[in-house]
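Enquirer: This is the structure alone, sequence omitted:
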């Protein structure tokens, strides 16, 4: 039985839940992190010494780092799925988005998300926020350009790349009080992935 530790308003947990939906994979989820605590308790740290979420437990196998968990789920339970292609060039193309999301996109979008969603308005640094919005807009413009003449991020098939970038896209399009530049390719793609059941179940909620 698969167990996923982590709260449902964590983007890194949401990615896993969406993936499980795509794979029709049953699991149990245990709240952990922020208001739920537990992630700094000894039993949790024995599984995940980083104290972060999510953590996956699959029988006697324990894994942390969300994108590593995504790859594991697709390889272990998605043999007939197209989420993580076997062909090396396609897989590498998917992997670059998973890596880019953690190395580049998340560090840029996180300050915007925390300022607008989890920081009282009176405590916001408006000048820094404006600069942060400009920085993350440039990254979404990169994705918009890549999506020119593409149905999904890597061609005609939905993959882990769409799950990962799609979860962050919700955190961009779901923000209130942001004047977003028109990015038509990104918007069309986002409208497309937003129809998937996993997005509706686990991603499409007000940001908290």
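Expert: Nice, thanks for sending it over. Please read these numbers as outputs of a predicted model, since none were measured by experiment.

Enquirer: quick one, strands of the chain?
Expert: 2-5, 28-30, 55-58, 61-64 (DSSP state E).

Enquirer: Mind putting those into CSV with mean pLDDT?
Expert: Listed next are the strands of the chain as CSV, based on pLDDT from 0 to 100:
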stretch, mean pLDDT
strand 2-5, 98
strand 28-30, 98
strand 55-58, 98
strand 61-64, 98
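
Enquirer: Need these in CSV (columns: mean neighbour count).
Expert: Any C-beta I mention is one placed from the backbone N, CA and C, and that applies to glycine too. What follows is the strands of the chain, written out as CSV (neighbours: other Cβ atoms under 10 Å):
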stretch, mean neighbour count
strand 2-5, 20
strand 28-30, 14
strand 55-58, 21
strand 61-64, 14
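
Enquirer: Adding distance to residue 105, write those out as TSV.
Expert: Listed next are these as TSV, based on distance: least, Cβ to Cβ, whole Å:
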stretch	distance to residue 105
strand 2-5	22
strand 28-30	25
strand 55-58	22
strand 61-64	20
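
Enquirer: my guess is residue 6 meets residue 48, correct?
Expert: No. Here residue 6 lies out of contact with residue 48, judged by Cβ atoms under 8 Å, at a distance of 10.1 Å.

Enquirer: Would you mind telling me which of these two has the busier surroundings?
Expert: residue 6 (26 against 20; other Cβ atoms under 10 Å).

Enquirer: got a list of what that one touches?
Expert: Residues near residue 6 by Cβ atoms under 8 Å, 6 or more residues apart in numbering: 12-13, 16, 29-33, 53-55.

Enquirer: among those, which are in helices?
Expert: 12-13, 16 (DSSP state H).

Enquirer: any chance of those residues in TSV, with pLDDT, distance to residue 38 and neighbour count too?
Expert: Shown next, in TSV, are the ones in helices among the contacts of residue 6 (pLDDT from 0 to 100; distance: Cβ to Cβ, whole Å; neighbours: other Cβ atoms under 10 Å):
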residue	pLDDT	distance to residue 38	neighbour count
12	97	16	21
13	98	13	25
16	98	17	27
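
Enquirer: got the residues you listed as JSON lines, with distance to residue 208 columns?
Expert: Below are the ones in helices among the contacts of residue 6 laid out as JSON lines (distance: Cβ to Cβ, whole Å):
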{"residue": "12", "distance to residue 208": "15"}
{"residue": "13", "distance to residue 208": "13"}
{"residue": "16", "distance to residue 208": "18"}
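
Enquirer: Mind picking the one among these that's closest to residue 97?
Expert: residue 12 (14.9 Å; Cβ to Cβ).
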